[in-house]
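Enquirer: Have a look; sequence and predicted model below, questions after that.
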Amino acid sequence: MRINALPSGNGFTFDISHAPEKSLARAGTISTPHGDIATPAFIPVGTKATVKAVLPETMKELGAQALLSNAYHLYLQPGPDVLDEAGGLARFMNWPGPTFTDSGGFQVLSLGVGFKKVLAMDAQTFRSDDVIAGNKERLAHVDDEGVTFKSHIDGSMHRFTPEVSMQVQHHIGADIIFAFDECTTLHNTRKYQEKALERTRLWGIRCLDEHQKLTLERSQKPYQALYGVIQGAQYEDLRKKAATDMAALRSTDPDSPIGFDGFGLGGALDKKTLGTILTWMNEILPAEKPRHLLGIGAPEDLFVGVENGIDTFDCVLASRIARTSAVYTMVGRNNLSNAINRQAFEPIDDECDCYTCAHYTKAYLHHVFRGKEIIAATLATIHNERFIVRLVDQMRAALISGDYFEFKEQFMGRYKHLSGQARD
Ligand SMILES: [Zn+2]
């Protein structure tokens, strides 16, 4: 017997505490069964249930409030059944807080462009719709029902549909999960973008149906919030249509249709128009539901996101560049492998409060990077993740105290712009 088709008191809520006038920006709290997230917040990425080179305990200490893993990678290895049996993603990786999983749509479709991970898409080498057309060189092929793809690990064939993505994400057990979407690139034709958008809308309904079914079947498990994903590339009418459609989307259950708990803003986004595109969507999306910007994490882009109504962000950039010896500082990026750091007996950034900056010098980091020591990745990742987590925390504090734009001016006045958009 159906008792509670639309879970109420399910442990997932979003409360906005501050919303400055004449702005889309807001500060609030997302509550999940595994704890709260004070927003705006940066969510570090642990793609395969680990933030590479850093202990979960350390991630907690440096201020991470939640972690985001990837359904595609965890589906292939170790498999969703293992995570389910372990008691869910958080318990499996010894993370004492909320978790997110990306649906796998982006990763599966990325296979179609040769498993390129950076969304700014160096896809110029591919001709427009070729990127998802699929041929013998492609690893993924999309149709109206789902996506067939070849594992990047062992070459085995797999198929993701909206239903499979929901099943996989329910077994992984993150607090916030995403609907399965078709992620296009800026190089697809307008006609293809329209087709992909409609496909994503129809997949959204199937995700809601499967999510509702699984939530009821697995009612003893902590509630998982489902976010719909808004695509539409660089087109104003498509972005607005997607926001309108996804906000209105409901499951087909005639007795108690459910909608999305929040929204993920996705797709290839051009740095120059990021703010404008976010405004198109966020002026339409219901204000009371949380919004997550997928795969964006460069400091200057985080400001654009916050002031245009984004609540949470994730990006692999902070940890990925750390492993190549690139670190953030208040005046821009520095490369620890450069000879200038050989005798620099000072912290990476003397304004940083991270563990690495408190205990290690650039000269030591230069040495361990040059020697290819494992500790180099650990120390640099701790610094970069702390830098980005703290920056968004500072934006939140400035929103609350009413001096957000002064804080932004002060930060950006010193920080040298460098690009960065990446999902993993
Ligand atoms: Zn530091």
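Expert: Looks like it came in fine. Residues are numbered from 1 along each chain as shown.
Enquirer: what's in contact with stretch 72-91?
Expert: 34, 47-49, 69, 92, 95-99, 101-102, 104, 107-108, 151-153, 158, 160, 167-168, 171-175, 221-222 (CB atoms under 8 Å, 6 or more residues apart in numbering). Glycine gets a C-beta too; all of them are placed from N, C-alpha and C.
Enquirer: May I see the buried residues of that stretch?
Expert: Tyr72, His73, Leu74, Tyr75, Leu76, Pro80, Leu83, Asp84, Ala86, Gly88, Leu89, Ala90 (16 or more other CB atoms under 10 Å).
Enquirer: what's the model's confidence in it, averaged?
Expert: With pLDDT averaged residue by residue, stretch 72-91 scores 97.
Enquirer: Of the contacts of stretch 72-91, which belong to helices?
Expert: Phe92, Gln107, Val108, Gln167, Val168, His171, Ile172 (DSSP state H).
Enquirer: Could you single out the nearest of the residues you listed to the ion?
Expert: Proximity of those to the ion (CB to the ion) peaks at Phe92, which lies at 28.7 Å.
Enquirer: wait, doesn't that closest one sit right on Thr50?
Expert: No - the pair Phe92 / Thr50 is not scored as a contact, 10.2 Å apart, by CB atoms under 8 Å.
Enquirer: who has more neighbours, the two?
Expert: Phe92 (20 against 16; other CB atoms under 10 Å).
Enquirer: what's the closest non-adjacent residue to that one?
Expert: Ala86 (3.9 Å; CB to CB, 6 or more residues apart in numbering).
Enquirer: Kindly report the same for Ala25.
Expert: Nearest non-adjacent residue to Ala25 (CB to CB, 6+ apart): Glu307, at 4.9 Å.
Enquirer: Tell me the pLDDT of the one you found.
Expert: pLDDT, Glu307: 97.
Enquirer: quick one: contacts for it?
Expert: By CB under 8 Å, 6+ apart, the residues touching Glu307 are Ser23, Leu24, Ala25, Gly275, Tyr404, Lys408.
Enquirer: Mind checking which of these are buried?
Expert: Using 16+ other CB under 10 Å, the buried members of the contacts of Glu307 are Leu24, Ala25, Tyr404, Lys408.
Enquirer: In which helix or strand does the first one reside?
Expert: In this case it means Leu24. Secondary structure assignment for Leu24, by DSSP states H and E: no helix or strand.
Enquirer: Is it correct that it is in contact with Thr279?
Expert: Yes - the pair Leu24 / Thr279 is scored as a contact, 6.8 Å apart, by CB under 8 Å.
Enquirer: Find the residues that touch each one of the two.
Expert: Contacts common to Leu24 and Thr279, judged by CB under 8 Å, 6+ apart, are Asn308, Gly309.
Enquirer: Neighbouring strands - and their directions - for the host helix or strand of Gly228?
Expert: Assigned by DSSP H and E, Gly228 belongs to strand 225-230. Here strand 225-230 has these sheet partners by DSSP bridges: strand 176-178 (parallel), strand 262-265 (parallel).
Enquirer: Alpha carbons of stretch 363-376, in PDB - could you do that?
Expert: The C-alpha coordinates for stretch 363-376 follow below in PDB (Å, rounded to 0.1, in the frame of the first residue of the first chain):
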ATOM      1  CA  ALA A 363      61.000  25.300  -1.500                       C
ATOM      2  CA  TYR A 364      60.000  22.000   0.000                       C
ATOM      3  CA  LEU A 365      57.000  21.600  -2.300                       C
ATOM      4  CA  HIS A 366      59.300  22.400  -5.300                       C
ATOM      5  CA  HIS A 367      61.600  19.700  -4.100                       C
ATOM      6  CA  VAL A 368      58.900  17.000  -3.700                       C
ATOM      7  CA  PHE A 369      57.300  17.900  -7.100                       C
ATOM      8  CA  ARG A 370      60.700  17.700  -8.800                       C
ATOM      9  CA  GLY A 371      61.300  14.400  -7.200                       C
ATOM     10  CA  LYS A 372      57.800  13.100  -8.100                       C
ATOM     11  CA  GLU A 373      57.100  12.300  -4.500                       C
ATOM     12  CA  ILE A 374      53.500  11.300  -3.600                       C
ATOM     13  CA  ILE A 375      53.300  13.800  -0.800                       C
ATOM     14  CA  ALA A 376      53.500  16.600  -3.300                       C
END
